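Visitor: mind looking at a prediction? Sequence and model below.
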2 protein chains.
Amino acid sequence: MRKVVERQTGVALWRQIADRIRLAISNGDYDAAGMVPPETVLAGEFGVNRHTVRSALAALADEGLVRRVQGRGTMIERKERVSYPISRRTRFSQGLGRQVKEIGTRLLGHAELKAFGEIATSLGIAPGDPVIELRTVSSGDGRPLSVSSSYYPAARFPRMAQEFEQLHSVTKAFAAHGLDDYVRVSTEIVARHADGDELSMLKLSAGAIVLETHSINADLDGKPVEYSRSCFAADRMKLKIET
Amino acid sequence: MRKVVERQTGVALWRQIADRIRLAISNGDYDAAGMVPPETVLAGEFGVNRHTVRSALAALADEGLVRRVQGRGTMIERKERVSYPISRRTRFSQGLGRQVKEIGTRLLGHAELKAFGEIATSLGIAPGDPVIELRTVSSGDGRPLSVSSSYYPAARFPRMAQEFEQLHSVTKAFAAHGLDDYVRVSTEIVARHADGDELSMLKLSAGAIVLETHSINADLDGKPVEYSRSCFAADRMKLKIET
DNA sequence: TACACTTGTCTAGATCAATAGACATTTGAG
DNA sequence: CTCAAATGTCTATTGATCTAGACAAGTGTA
């Protein structure tokens, strides 16, 4: 089967091929052998030189997705993307469940600032009203999965940063402010290339793709309590919507 | 503000910059002036040569997103991404609503084949059971937005292809088989670079990103009636999940 | 008109991406 | 052991990408 790659697109052939092989691995296309086809075969399928395939495989090996052994071939080390569920009851740590052994959310920083534009309208507050911003990075089994900036109305949740720092959980920090339950009301998703900051924070092999979500959580009366912008490493994660 | 771009990543600088400007436009960052900053300013912000910025703007002009006028500057022509809503009642044509004036879904082809792997498990049928495949491309105001392959159990919906060809609607084709209502039960989302076929069918400036969704629709008893794989042009669409 | 500012075009050189071919090294099977 | 098959390394060459600088041409304002 001939697999098409495009030239002169601003995306190097080796990166296109790396993306395709990564997808094929997570689709289980190579499960029978447990390894990626030989370089010469791949070069034939994609219609490129063997060295170009080697660059692609080097990138995948760098990500820890495959392991290359001289004389044997290229073995698949890790298959699945982590599936991040999005539902009315989305809670970050619960959703990943058994997919990763150990989950960590690290607070990068926090600030109090005035809300404008999308932040104010999403939270349903007046422009200029104070909000608490939390910037976090979350990882599973040591690999960073997402970076987020979350915003909370300062009038209602004044101690958000301190509570989160102590409790390491948004749900518990809400509870400390007397909010026992909340639901996800909307999530918007776009895909784009990662920028420099995201590359370093997510430890991505640069040029990678991120899934950016803008989400709103509200209390049971429908009043927004959190507006959040998250970037997920697209080649490690998929989003699963349950409706 | 210094905006970071990464070198030697397999993604050309002009493409990274085009992605960032496209995002800034759709975020409304340039709404005050209604135009993109001058090339020299952008070159300074991104830390690259003016010619590199010109390549990025040329790509955006090619997409019809901006219009460049010598002496004046680079005007923004089109801002918003089309927002595709995903909910329990997801219907393709209804959701786009007022965002596009004219919606078209064209049948590329259909086939009857045996279901295996993800198709069979998603539809809850035995491996080898027959399914009807419909391949379609959907566009809004003449611009292609998505390509899809959808699968239906042939035992229950034997005339799916013919009905769809006549009625131009999955919902109506279901109704013709006696199914009056159905709901979306799950949607999985990944992001990746488009392959050659997708580039030509979606008329993308090559190297672009697609959002790939795998979705399951079921009847009111919970029995799956459709399994669908869709690819959305990521720089023209966002997905909006309502929960 | 004169001028500042913007995009358009051209040339030249440096760096990166991809091709081509040759050969070494390791592994597993016979 | 021998050999086929796979990955590793090297050199050389071509084409794409990016930088650098200079100047042309169009737009709007004073």
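Guide: Good, I have the coordinates.
Visitor: need the helix or strand of chain A with the lowest average pLDDT.
Guide: When the helices and strands of chain A are scored by mean pLDDT, DSSP states H and E, helix A:92-96 comes last with a mean of 68.
Visitor: the following helix or strand past that helix: how far from the chain's middle?
Guide: Reading on from helix A:92-96 to the C-terminus, the next helix or strand found by DSSP states H and E is strand A:103-114. Chain-centre distance of strand A:103-114: 17 Å, with C-alpha atoms, centre = their mean, to the nearest Å.
Visitor: same question, stretch A:21-40
Guide: Offset of stretch A:21-40 from its chain centre (C-alpha atoms, centre = their mean): 23 Å.
Visitor: next: stretch A:143-155.
Guide: 13 Å.
Visitor: averaged pLDDT, that stretch. What do you get?
Guide: When pLDDT is averaged over stretch A:143-155, the result is 93.
Visitor: send the alpha carbons of it over as PDB?
Guide: Once non-C-alpha atoms are left out, stretch A:143-155 reads as follows in PDB (Å, rounded to 0.1, in the frame of the first residue of the first chain):
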ATOM      1  CA  ARG A 143       5.200  12.300  31.500                       C
ATOM      2  CA  PRO A 144       3.500  15.800  31.300                       C
ATOM      3  CA  LEU A 145       0.100  15.600  29.700                       C
ATOM      4  CA  SER A 146      -1.400  19.100  29.900                       C
ATOM      5  CA  VAL A 147      -0.800  22.700  31.000                       C
ATOM      6  CA  SER A 148      -3.700  24.800  32.200                       C
ATOM      7  CA  SER A 149      -4.600  28.300  33.200                       C
ATOM      8  CA  SER A 150      -7.800  28.300  35.300                       C
ATOM      9  CA  TYR A 151      -9.800  31.400  36.500                       C
ATOM     10  CA  TYR A 152     -12.100  31.700  39.500                       C
ATOM     11  CA  PRO A 153     -14.200  34.700  40.600                       C
ATOM     12  CA  ALA A 154     -12.200  36.200  43.400                       C
ATOM     13  CA  ALA A 155     -15.300  37.500  45.200                       C
END
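Visitor: right, is it up against chain B?
Guide: No. Stretch A:143-155 does not reach chain B (C-beta under 8 Å from any C-beta of the partner chain); its nearest approach is 13.2 Å. Just so you know, the C-beta spots here come from the backbone N, C-alpha and C atoms, and that holds for glycine as well.
Visitor: flag every buried residue along that stretch.
Guide: A:144-154 (16 or more other C-beta atoms under 10 Å in any protein chain shown).
Visitor: could those residues be laid out in TSV, adding secondary structure and distance to B:L60?
Guide: Below are these laid out as TSV (DSSP: H, G, I helix; E, B strand; the rest coil; distance: C-beta to C-beta, whole Å):
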residue	secondary structure	distance to B:L60
A:P144	strand	31
A:L145	strand	31
A:S146	strand	28
A:V147	strand	26
A:S148	strand	28
A:S149	strand	26
A:S150	strand	31
A:Y151	strand	30
A:Y152	strand	36
A:P153	strand	37
A:A154	coil	38
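Visitor: just the closest of those residues to DNA strand C, please.
Guide: A:P144 (23.5 Å; C-beta to the nearest atom of the strand).
Visitor: the closest one contacts A:R106, doesn't it?
Guide: No. Using C-beta atoms under 8 Å, A:P144 makes no contact with A:R106, being 9.1 Å away.
Visitor: quick check: neighbours shared by these two?
Guide: A:137-138 (C-beta atoms under 8 Å, 6 or more residues apart in numbering or on different chains).
Visitor: give me the neighbour count for the nearest residue to A:E77 once chain neighbours are set aside.
Guide: Leaving aside its chain neighbours, A:E77 sits nearest to A:R67 (5.2 Å; criterion: C-beta to C-beta, 6 or more residues apart in numbering or on different chains). Number of residues near A:R67 (other C-beta atoms under 10 Å in any protein chain shown) recorded here: 15.
Visitor: farthest residue from the center of chain A?
Guide: A:G71 (35.3 Å; C-alpha atoms, centre = their mean).
Visitor: what ranges do the helices span in chain A?
Guide: In chain A, the segments counted as helices under DSSP state H are A:13-27, A:39-46, A:50-63, A:92-96, A:117-123, A:160-167, A:170-176, A:196-201.
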